[in-house]
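1. The sequence and its predicted three-dimensional model are supplied below.
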Amino acid sequence: MAFSSTSTSSSSSSSTFVSQEEFNLFHKIDRELYAILAVKIRRDPMEALQIMAFWLWLERAGFRHIVFRMLRLPLLLINELADEAAAALAALSSDRPPPFSDLTLTRNFLEREISLRFLYANRQIAVQGIDKLRNDVCFRAFQDIMDTALSHNIKVSAASTPAVPPWLPPSTTTPPAGTFDDGGDPQLQAAAVAVTPEERAMFVTFSKGYPVHEWEVREFFTGSHGDCIETFQMQEVAEPSEQALFARIVFRSAATIDNILGGHQRVKFTINGKHIWARKFIPKKIQQPPSPSPPPPSAVV
């Protein structure tokens, strides 16, 4: 697939005056997705704006209905796709070709081939298109939402606001095989009590077209690490014929994840001939609606 260098068309490029209200209405679903990134998931508002420009550029490059389809996904999956978009933006801004990565989750979501190296090969066209969308569309369409998100960030102290973790390039190297049974150790289980479930969680993704069942993943890890799984959450699908693309596994001990990853940020395993990718779960604080203010005290007569 080759990207066209033709200038991006949008409502903002028309010579006809468009009011801000009309512009916002035209970009209604784009604004909804940006609000999810910047307000609900609380990603950095400027980074979220860049991510939206990247996704809108992909739509105009032929990957249809990205925003519409993404709004139907759970927040966890939207956040994971945003992480891969941030990785793509980092690669495009670098002077060096990116390391090997196939943007597994993005490729599965788009149901088409896409990789960091492919984007980098079309770097000039991509950067120009993304910059144009950011300046002509995103800044205008998302300005009020961005102001809200930035205002909230100012009110929250730096100590209580989780920083957006930097992108860490994935590794496709599988750690040396070994047998660990850390799930049944009473001392390790006692130590795990002080560690939150999110700190003991791992995120795994599956390849589109190669369905993986929960029992297969459980059997794979318990076969090498013993009774190590505390909870297993597979992506919920609407129809039995649909395929789950990811799962979150909480282990009894955080040490199990270290053993599985073997010092790598991301590893690939083969389960019954099907590939799965695993990495440590990176939680992001979800914005909760503010609690209602208490009523003013009644006047004492």
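-> Nice, thanks for sending it over.
2. who touches the helix or strand where A88 lies?
-> Per DSSP states H and E, A88 falls inside helix 75-92. Applying Cβ atoms under 8 Å, 6 or more residues apart in numbering, the contact partners of helix 75-92 are 33, 36-37, 40-41, 43, 47-48, 50-51, 54-55, 70, 73, 98, 101, 103-106, 109, 116, 119-120, 123, 126-127, 130, 167, 169, 203, 205, 235, 245-246, 248, 282, 284, 286. (C-beta placed from N, C-alpha, C; glycine too.)
3. Make a ChimeraX selection of the buried ones in these.
-> Buried members of those can be picked out in ChimeraX with the line below, counting by 16 or more other Cβ atoms under 10 Å:
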select :33,36,37,40,41,43,47,48,50,51,54,55,70,73,98,101,103,104,105,106,109,116,119,120,126,130,167,203,205,235,245,246,248,284
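4. Stretch 217-229: which residues count as buried?
-> In stretch 217-229, counting by 16+ other Cβ under 10 Å, buried: 217, 220-221, 224-226, 228-229.
5. who touches T148 in this structure?
-> Here T148 is in contact with V39 (Cβ under 8 Å, 6+ apart).
6. Adjust the sequence numbering to begin at 837 for everything that follows.
-> Understood, numbering begins at 837; the last thing we discussed is T984.
7. Span of stretch 871-887 from start to end?
-> From its first residue to its last, stretch 871-887 covers 12 Å (Cα to Cα, to the nearest Å).
8. for M882, phi and psi?
-> phi -70, psi -40 (degrees, to the nearest 10).
9. What of I1112?
-> Residue torsions, per degrees, to the nearest 10, at I1112 are phi -130, psi 150.
10. these two touch, right, it and T1041?
-> Yes. Between I1112 and T1041 there is a contact under Cβ atoms under 8 Å: 6.9 Å.
11. Could I get the full set of strands for the stretch 937-1086 of the chain?
-> 1037-1042, 1065-1070, 1082-1087 (DSSP state E, counting those that start in this stretch).
12. want to throw the ones you listed into a markdown table with distance to S855?
-> Converted to a markdown table, those look like this (distance: least, Cβ to Cβ, whole Å):
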| stretch | distance to S855 |
| --- | --- |
| strand 1037-1042 | 42 |
| strand 1065-1070 | 45 |
| strand 1082-1087 | 41 |
